[in-house]
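1. Next come a sequence and a model predicted from it.
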Amino acid sequence: MNNKNQSKVRYFYLALAIGLLGTTSQSCSVFREEKKAPAKTTAATAAAAAAKTKADSLKNPIKPYKDVVTAKAVTQKGLFTVHKVADRYLFEIGDSLLNKDILTVLRLSKSTPGAGNFGGEEVAEHTVYWEKGPNDKLFLKVSTLVSIADSADMISRAVASSNLNPIIAAFPVKAKSRDSAGVVIDVTDFLLAENNLMSFEPADKKSYSLGAQAADRSYIESVKSFPINTEIKTIRTYSAVPSGGPGGGLPAATQSGTVTLGMNTSFILLPAKPMRKRYFDARVGFFASSYYKFADAQQKVEQEAFIHRWRLEPKDEDMDKFRRGELVEPKKQIVYYIDPATPKQWRPFLIAGVNDWQKAFEQAGFKNAIVGKEWPEQDTTMSLDDARFSVIRYFASPTQNAYGPNIADPRTGEIMESHIGWYHNVMKLVHRWYMIQCGAVDPRARKNKFDDELMGQLIRFVSSHEIGHTLGLRHNMGASSTVPVEKLRDKAWVEAHGHTPSIMDYARFNYVAQPEDHISEKGLFPRINDYDKWAIQWGYKPVLDAADAKAEKKILNKLTIDSLASNKRLWFGGEGRDYDPRSQAEDLGDDAIRASQYGIKNLKRIVPQLINWTREDGEDYTELKEMYNEAVGQYSRYAFHVLKNLGGVMVTPKTYEQSGAIYKPVSLAKQKEAIRYFNEEIFATPKWLLDPQILNKIEPGFGSNAVEKLQQEVVASVTSQSRLYRMMVNQRDYGKGAYSPQQWLNDLKSGIFTELKTGKPIDSYRRTMQKMYVGSIITMYNKRFALQGSLDNILAGVTPTEILLYSNVKPLALQHLKDLRTDISAAIAKTSDQDSKMHLVYLKQMLNKILTESPIPGLNY
């Protein structure tokens, strides 16, 4: 599943693979604004100031409490005491809340049908606090949490004087509390206004393709207050731009040109006693936050990064047992409730997905640390909006997804609560996956509608994955790469160990297993496994002998080094954002080429059966089309898994105590094997996928266009200039062990233009592909830049490195085009097929034109 809110929540990632330390902080200026000398105070200016103060007080006279909070007020006690008087909302803010950190979380709760389904999707987080201002005002300020220092250090004064938190709103005090230990303010206009706490930030608004808010069609739906949180629900209507924005927002505006959205802002009080931080380590996959830390003893500014995790501590009376290694229950159990809107037949499986994590927490020293429960519908004292309760929310939506966010204290990383988003139609997604990936080996997958038991177990696996995110765990796309491909066919081994060491991997099901292997569900489904247990141990087991977080870091570092050395299955391979072929979504095993070949063998068994498996009397062939499209998509995934080997670099984060290279190129033999795979499985027309019995029942050209599109995408990617650049850098940095661009192009040509040697007819798919290939090489040759350092290059964003690259590419491309023209010319005479001959003559004319053109003086750098 996509963890959808990761793009919206400003989570911190430490991308060690490319040497970047991400942060949402503002950069600090080294220049100081010159201060003007203060103006001299005169009697006239003093009198004017006094008059202004008096005028302000007359504009906003503080009234008696009973005149503001009248007898007709509807009152709720909670974090903020909320009074509703007629159509106005009043907050009573106690003095005890002043200067206390409060986390605000803005979510989309519902939307206009057809304008996207965003129930529960997080939009933004901020940390705020209340502060008394002058002239009887109460300020709501945003805590940037960019820079901190311990109060005992002298530098804390400099940090305080250098940073000023912004005032997001100022509220006139309407009345003092009855006991004078707080104030009453009117927040109605603020709750409806477009501001960063209650509505979209400008950039997010643009990404959702939204225009101006319509004030007459926007209103406050409800305000509810609970012991540690206050929840504000608003309905907001916007003008809509009729297309999705760059952020993948609203897919289409309604015909009226407006979109109405439900939005929810949570105000959550952060703990008075912050939890001890646990420092981030790139070798273990946790979400994290960060800020700059200043200290007197430091010789530089350090960025302090710490993971997201629940506060899990042994009970005081069990501390001795814990030290002896006995399992103990935590002071506070992690509980996930099931939304009462969830269909009853799926609730046990969602609960099982939660409870499956208990064995992982046992490795951290806790028993019964986490549990899933039915929502107690008869208990009127509980509310789904109360931040004290984490819930798997069930959305009636056609969206095929689920996601697991976590709301963490930005000061320490302590997870406060989580509302998992579960879309009803996620079942369609897992149905498609399982039929196409396991239909060859599991007869239960060969139905248009799965039995409830099978669907329930699929739901259970998805539930476990999403719960993992809410515990702080990121995706581990590299986990499955630690498993030898042939072990995925070993019934005893794979049923005992699982096909991936992590439920947090995108390694859905064991598509490598063949029918003759007779592997059961235990060897086909993902499960909470070795890496997951290790990660929970690393993140949650208290380090009792460490005095503070820094001492704890040293102990954990040794544990990490020793654990990784003894068990390679504990490797965290990142989220697939680098060029490491071991870290990919949807792949399996330590050899993407071999795994993909097994996958294709199964697809060749599955595709001819799709008509029978999707058959539904009285229904059209819509389901057949969708499942065929899924088969093509799976075939496409295999191609791109293999593709990542070309120019690939394996990245293994290490500390100084660990020996060996961090960066290592994919071997020459493996890259040449990848080219052979493309020549045999992709560039050779996959006729097995072009089944006429299927294609004549779905829209004309659907299947053939999909195959043609994939071939073109692979050619474009294999010959991309960025890939060529990586291959050149690898050759420069790693020498003979790398794949030279000349070898690479020649091996590609031999596969894409096999008919030049054999004289066989060139079918229409390959003719299109060959044109694409020639066009790509021509593009390499024709790339032109002005002289290095020119204004044209600067304006175009062209770097000196790119210019040097293309200065080496052009001779390579030129020679390759000349060789290709020679080969095509020789083949024309021996080609008897008329379509093939016309095609080759056309290519030769293209090459003649390019190779005889005169270069433009001064521009062909």
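-> Done, it's in. Residues are numbered from 1 along each chain as shown.
2. Tyr89 and Ala546, how far apart?
-> Distance of Tyr89 to Ala546, computed by C-beta to C-beta, to the nearest Å: 47 Å. In this view, the C-beta of every residue, glycine as well, is placed from N, C-alpha and C.
3. more crowded one of the two?
-> When Tyr89 and Ala546 are compared on other C-beta atoms under 10 Å, the one with more neighbours turns out to be Tyr89, at 21 against 15.
4. what residues does the helix or strand encompassing Ile777 touch?
-> Element membership for Ile777, per DSSP states H and E: helix 764-782. Under the contact criterion C-beta atoms under 8 Å, 6 or more residues apart in numbering, helix 764-782 has outside partners 683, 685, 704, 707-708, 711-712, 715-716, 719-721, 724, 745, 748-749, 752-753, 755, 762, 806, 809-810, 812-814, 816-817, 820, 835-836, 839, 843, 846-847, 850.
5. now the residues you listed: which count as buried?
-> Among these, the ones that count as buried by 16 or more other C-beta atoms under 10 Å are 683, 685, 707-708, 711-712, 715, 719-720, 724, 745, 748-749, 752-753, 755, 762, 806, 809-810, 812-813, 816-817, 820, 836, 839, 843, 846-847, 850.
6. Tell me the spacing between Ile232 and Thr614.
-> Using C-beta to C-beta, Ile232 is found at 46 Å from Thr614.
7. of these two, who's got more company?
-> Between Ile232 and Thr614, counting by other C-beta under 10 Å, Ile232 is the more crowded of the two (26 against 21).
8. distance between stretch 259-271 and the chain's centre?
-> Stretch 259-271 sits 21 Å away from the centroid of its parent chain (C-alpha atoms, centre = their mean, to the nearest Å).
9. How much space separates Ala738 from Leu689?
-> Using C-beta to C-beta, which is the criterion applied here, Ala738 is 34 Å from Leu689.
10. actually Pro398, not the one I wrote
-> According to C-beta to C-beta, Pro398 stands 28 Å off from Leu689.
11. the more surrounded of these two?
-> Leu689 (21 against 11).
12. Counting only strands, which of the buried ones among the contacts of helix 764-782 make the cut?
-> If you go by DSSP state E, these have nothing in strands.
13. Now do Lys830: how many residues are near it, please.
-> Residues near Lys830, counting by other C-beta under 10 Å, number 11.
14. now it, what's its secondary structure?
-> Going by DSSP: H, G, I helix; E, B strand; the rest coil, the secondary structure assigned to Lys830 is coil.
15. Give me the pLDDT for it.
-> At Lys830, the model reports a pLDDT of 90.
16. correct me, but it touches Lys757?
-> No. Under the criterion of C-beta atoms under 8 Å, Lys830 makes no contact with Lys757, lying 9.7 Å away.
17. how does the protein divide into domains?
-> Domains of the chain are assigned by automatic domain parsing as 5-22+64-269, 308-472, 665-674+687-852.
18. Kindly compare burial across these and name the winner.
-> Burial of those is given as mean neighbour count (mean count of other C-beta atoms under 10 Å); domain 308-472 ranks first at a mean of 19.
19. What distance separates the opening and closing residues of that one?
-> 5 Å (C-alpha to C-alpha, to the nearest Å).
20. Count the neighbours of Val284 for me.
-> Val284: 23 surrounding residues under other C-beta under 10 Å.
21. which residue ranges form the helices in the stretch 651-800 of the chain?
-> In the stretch 651-800 of the chain, the helices defined using DSSP state H, counting those that start in this stretch lie at 668-677, 692-695, 702-718, 721-734, 741-752, 755-758, 764-782, 791-796, 800-828.
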